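Engineer: A structural model of the following input is requested.
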Amino acid sequence: MLLRSCVWILAIGLLGSQPSRQRISLLITNAIVVTMDSGGRVIPAGAVAIDGRDIVAVDTTAEIAKRFTAAESIDAQGQVVMPGLINTHTHAPMVLYRGLADDLALMEWLQKYIFPAEAKTVNPEFVRVGTRLAVLEMIRSGTTTYADMYYFEEEIAKATREAGVRGVLGQTIIQFPVPDAKTPGDGLARGIAFVKQFAGDDIITPALAPHAMYTLDTSTLKAIRTAAERERVPLIIHLAETRDEVNISNKQHKASPVQYLESIGFWGNAGSKTAVLAAHAVHVSPADIRILARRGVGVSHNPESNMKLASGTAPVPAMRTARIPVGLGTDGAASNNDLDMFESMRQAAFLHKLQSGDPRAIPARTALQMATREGAHALGLERTIGSLEPGKRADLIVVDMSSARQTPLYDPISHLVYATHGDDVRTTIVNGRVLMRDRKVLTLDETAVLADAAKQAALVRAAVGK
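Structural biologist: Down below sits the predicted model:
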């Protein structure tokens, strides 16, 4: 009897000495984990541990199981877990103009079709409905963060936050009357009110978005820069998208768009607290690239929109060689015509191979990096998102790898860039919150979103005579 008691005491003692597992909110296990960390780790039987809004560990499933127990688990057997995609340039409500006008150059497309349509149809309800449709498409195709430029940006921010998507959202300021502002001064006042309204928000980063150097005068551009510096918010601007823009700048200012903006102090200093994102940067010279690099400007490359509008090919390899952070964007769905970042990755890789004659110009890993880690850097969010690492926000997606076009699977990074489509995404998580699980969106009523979009489309059709 004494011997049996001693055995029980010893067993209890040994159990008590084992380390207890930490209780967390969510575990994703048995996945091919593509971390996109600085070492480029891919963990074949990997797991990600999430507590609240943060990633707390990334390791093999076996190691994670020793350390954690979770309130909720997702078994991602045979699927890829990766950082959520970062769309660095959109105009979210413009999904409601998808297919309205195609096969046109940018200036004709804007001046004859888009600007007139916006004048007749854009209002807060249009923006709310369009944003919900856009974020539904993004959630379903694996985008967890997007940068935006549009009107009534507070409505975009509210709809984005309700859906749970992360946004760097810029109130557009432009020289001529638009639906939410009669003058650029009114637009800047709206922008300042917007950034104050969403200051400190957990998933919304408010920004100011001067439309372009050719649609704003010098004094307004300077005032916007001063306001962004004072409020410590990002700036988003279209830059050198077309040859027409470059010609306008050369005629008016005897300088390229980049050089003109440099001359008025728009870019600030490399150590500035104000991040600047330049969308497109198609027609930039080596001298322009040196300025952007010196000033720490991020660039959003939009290959599909640039090809569709015949705007040209941005010198992305040269910009990356100069250590400019280059992210990927879709542009608005009116000029793309979708928000699928997997398509942007594939087209970026293909475009630069063709343009350069070098199949290694943008390899698959680089394209994936531009859509994740480098996109975060371009937005000034590299410490928060863009890779799966402890301490970063839990923004990640689960991608199915079982379809016919993804079989066999030798290299997951190759498949993500060259074979995967947005509808291969199974689960989307932002800030630790599951927005879509097993293709069911949890934060939006999909039927209602599509019905509301159809009603707005009827209004657009009636307004423009389509």
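Engineer: and the lengthiest strand in the chain, which strands flank it?
Structural biologist: For the chain, the longest strand by residue count, based on DSSP state E, is strand 22-34. With DSSP bridges as the test, strand 22-34 is paired with strand 42-51 (antiparallel), strand 68-75 (parallel), strand 80-83 (parallel).
Engineer: Report how many residues lie close to the nearest residue to residue 97 once chain neighbours are set aside.
Structural biologist: If you skip the residues right next to it in sequence, residue 97 has residue 334 as its closest partner in space, 3.9 Å away by CB to CB, 6 or more residues apart in numbering. The way it works is simple: take the backbone N, C-alpha and C, and place the C-beta from them, glycine included. Using other CB atoms under 10 Å, residue 334 has 23 neighbouring residues.
Engineer: try residue 337
Structural biologist: Residue 337: 19 neighbours (other CB under 10 Å).
Engineer: wait, doesn't it sit right on residue 96?
Structural biologist: No - at 11.8 Å, residue 337 and residue 96 do not qualify as touching, with contact defined as CB atoms under 8 Å.
Engineer: quick one: pLDDT of residue 18?
Structural biologist: Each residue has a pLDDT score; the one for residue 18 is 52.
Engineer: Apologies, that question was intended for residue 77.
Structural biologist: Residue 77 carries a pLDDT score of 96 in this model.
Engineer: who touches it in this structure?
Structural biologist: Going by CB atoms under 8 Å, 6 or more residues apart in numbering, residue 77 touches 30, 31.
Engineer: rerun that using 10 Å as the cut-off
Structural biologist: Residues counted as contacts of residue 77 (CB atoms under 10 Å, 6 or more residues apart in numbering) are 29, 30, 31, 32, 45, 61.
Engineer: List buried members of these by neighbour count.
Structural biologist: By neighbour count, with 16 or more other CB atoms under 10 Å, the contacts of residue 77 hold 29, 30, 31, 32, 61 as buried.
Engineer: Tabulate those (TSV), appending distance to residue 316 and pLDDT.
Structural biologist: Below are the buried ones among the contacts of residue 77 laid out as TSV (distance: CB to CB, whole Å; pLDDT from 0 to 100):
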residue	distance to residue 316	pLDDT
29	36	98
30	36	98
31	30	98
32	28	98
61	37	97
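Engineer: any chance of the residues you listed in a markdown table, with distance to residue 269 too?
Structural biologist: As requested, the buried ones among the contacts of residue 77 are arranged in a markdown table below (distance: CB to CB, whole Å):
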| residue | distance to residue 269 |
| --- | --- |
| 29 | 46 |
| 30 | 47 |
| 31 | 42 |
| 32 | 42 |
| 61 | 46 |
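Engineer: Closest one of those residues to residue 165?
Structural biologist: residue 31 (22.1 Å; CB to CB).
Engineer: partner residues bridging that closest one?
Structural biologist: Following DSSP bridges, residue 31 is listed with bridge partners residue 46.
Engineer: Could you measure from it over to residue 411?
Structural biologist: Computed as CB to CB, to the nearest Å, the residue 31 to residue 411 distance reads 16 Å.
Engineer: about what we covered before: and the strands paired with strand 22-34, which is most packed in?
Structural biologist: Each of the strands paired with strand 22-34 was scored by mean neighbour count; the highest is strand 80-83, a mean of 27, by mean count of other CB atoms under 10 Å.
Engineer: and the host helix or strand of residue 88, how far out from the chain's middle?
Structural biologist: Assigned by DSSP states H and E, residue 88 belongs to strand 85-90. Taking CA atoms, centre = their mean, to the nearest Å, one finds strand 85-90 lying 2 Å from the centre of the chain it belongs to.
Engineer: That one: partners in the sheet, and parallel or antiparallel?
Structural biologist: Note on strand 85-90: by DSSP bridges, its sheet partners are strand 143-150 (parallel).
Engineer: can I get the CA coordinates of the partner strand in CSV?
Structural biologist: Presented in CSV, the C-alpha positions along strand 143-150 are these (Å, rounded to 0.1, in the frame of the first residue of the first chain):
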residue,chain,number,x,y,z
THR,A,143,-7.0,40.9,-49.8
THR,A,144,-6.8,41.9,-46.1
THR,A,145,-5.4,45.5,-46.5
TYR,A,146,-6.1,48.0,-49.2
ALA,A,147,-5.2,51.6,-50.0
ASP,A,148,-8.0,53.8,-51.3
MET,A,149,-8.5,57.2,-52.9
TYR,A,150,-12.1,58.5,-53.3
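Engineer: Brilliant, that's me finished.
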